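Participant: Just a sequence and a predicted model for now, questions to come.
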Amino acid sequence: MAQLTVIMPVYNASAFIEEAVRSILDQTFRDFELWIVDDASTDDSIAVVKLINDPRIKFFANSSNLGRVRTVNGLVREISSPYFTITDADDVSYPQRFEKQISFLKSNSDYAMCGTSYWAIDEKGFLVRKMKLLEDVSELRAAALHESQFLGPSTMMRKSVIDHFPEFYRIYFIRNHADADLSCMILDRFNSTNLAEPLYFYRILKSSVTRRKVTVHNLNIYKLIGHLSGQRRKQGQDCLQRGDLKEADEFMEAIQHSYDQHPSFFYRHQAFFHLYWGLTDLAWQNAWKAFFMNPFSKNFFALGFVIFRIVVFLLRPKRHYSSLIKK
């Protein structure tokens, strides 16, 4: 039996999947199985991978498109290895990632999950920004009430955590942030950490649903996740665990109402969201929309700030992630 199971859900990732798979197969830690799950792709993603001959690869296929949450939930209880990770089909792992995470978990038996700091990269693999994540469990728990503290695809977990979460990924978060919700639940219950070294390259795709169709919901869903964490810490359960979906819906509806009162704020928020991830054209478009709707005060300064940051971003030296990988 392999020590590690790597689950990689795949949907129309032909442009990046070979790069992603090879970064897994080239890990210095080699005792793992790579489970590639085709979620009814309509491109040649799986054909690309099948050209790679490696006995550690196992193929699975959904008869229809289920999405990441249901795909993972349908397979995760088949894991028999002591450790597992769920990675993306368009990202890249640093060669020593598994080795260092396995080493940490073996040396720290009281920890259930280990993530890593990471680099965000663009579609061509150029560095966008370095994300240094917290390590100390007390600091992580305090910060997790306000913003996500783990990059889901970078996390490695013990198999034993699966039994503590009947849904694993919660269906309520099927649209986005299911992995952030899970990481937060694990952190609330078990010791967890991030390795300081960035060992994962997270690709920012303009074509992804969460960036192509930004909504008030996905801009603010982590506020609900933090709120639910606070409920669990105080009451032992959150409203979703009690079956009260209405309470969660009302929490998000209150946020939506605040945006409805100030429509330009939605575009201003989008502008900063896109700017953060290096999507400069989308940042500019939304900053301009906010200013056009309400050309005063915050929107004026936001537009100026976005223009300044775009200029700085475009003038910076470009560096490909491959330059950071030690041969």
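Facilitator: The structure has been received and is ready for your questions.

Participant: Any buried residues in stretch 298-312, and which?
Facilitator: Asn299, Ala302, Leu303, Val306, Arg309, Ile310 (16 or more other C-beta atoms under 10 Å). C-beta coordinates here come from the backbone N, C-alpha and C atoms, glycine included.

Participant: Model confidence at Ser297, what's the number?
Facilitator: Model confidence at Ser297, given as pLDDT, is 81.

Participant: Next one: it from Asp110, what distance?
Facilitator: Remark: distance between Ser297 and Asp110 (C-beta to C-beta, to the nearest Å) = 50 Å.

Participant: for Ile307, same thing?
Facilitator: From Ile307 to Asp110 the distance is 49 Å (C-beta to C-beta).

Participant: Could you do Asp88 as well?
Facilitator: For Asp88, the distance to Asp110 - C-beta to C-beta - is 28 Å.

Participant: the more surrounded of the two?
Facilitator: Comparing Asp88 with Asp110 by other C-beta atoms under 10 Å, the one with more neighbours is Asp88, at 24 against 7.

Participant: got the phi/psi numbers for that one?
Facilitator: Backbone geometry at Asp88, expressed as degrees, to the nearest 10, gives phi -100, psi 150.

Participant: Out of the buried residues of stretch 298-312, the closest to Trp288 would be?
Facilitator: Leu303 (6.6 Å; C-beta to C-beta).

Participant: Does that closest one belong to a helix, a strand or coil?
Facilitator: Following DSSP: H, G, I helix; E, B strand; the rest coil, we place Leu303 in the helix state.

Participant: That one: what's it in contact with?
Facilitator: The contact partners of Leu303, taken as C-beta atoms under 8 Å, 6 or more residues apart in numbering, are Ala287, Trp288, Ala290, Phe291.

Participant: For whichever strand or helix holds the second one, which residues meet the burial criterion?
Facilitator: I take that to be Trp288. Under DSSP states H and E, the secondary-structure element containing Trp288 is helix 280-293. Using 16+ other C-beta under 10 Å as the test for burial, helix 280-293 gives Thr280, Leu282, Ala283, Trp284, Gln285, Asn286, Ala287, Trp288, Lys289, Ala290, Phe291.

Participant: sorry, back to before: which pair in the contacts of Leu303 spans the largest distance?
Facilitator: Trp288 and Ala290 (7.3 Å).

Participant: Check the offset of the host helix or strand of Phe300 from the chain's centre.
Facilitator: Per DSSP H and E: Phe300 is located in helix 297-315. In terms of C-alpha atoms, centre = their mean, to the nearest Å, the centre of helix 297-315 is found 26 Å from the chain centre.

Participant: in the protein, what secondary structure element scores lowest on mean pLDDT?
Facilitator: One helix or strand of the chain scores below all others by mean pLDDT, DSSP states H and E: helix 209-212, with a mean of 54.

Participant: can you give me the helices in the stretch 51-200 of the chain?
Facilitator: 67-73, 97-107, 137-143, 178-189 (DSSP state H, counting those that start in this stretch).

Participant: Output those helices in TSV; the columns should cover mean neighbour count, mean pLDDT and distance to Thr5.
Facilitator: Below are those laid out as TSV (neighbours: other C-beta atoms under 10 Å; pLDDT from 0 to 100; distance: least, C-beta to C-beta, whole Å):
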stretch	mean neighbour count	mean pLDDT	distance to Thr5
helix 67-73	19	97	12
helix 97-107	18	99	11
helix 137-143	14	98	25
helix 178-189	22	98	16
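
Participant: can I get those helices in TSV with distance to Ile79?
Facilitator: Listed next are the helices of the stretch 51-200 of the chain as TSV, based on distance: least, C-beta to C-beta, whole Å:
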stretch	distance to Ile79
helix 67-73	11
helix 97-107	15
helix 137-143	24
helix 178-189	15
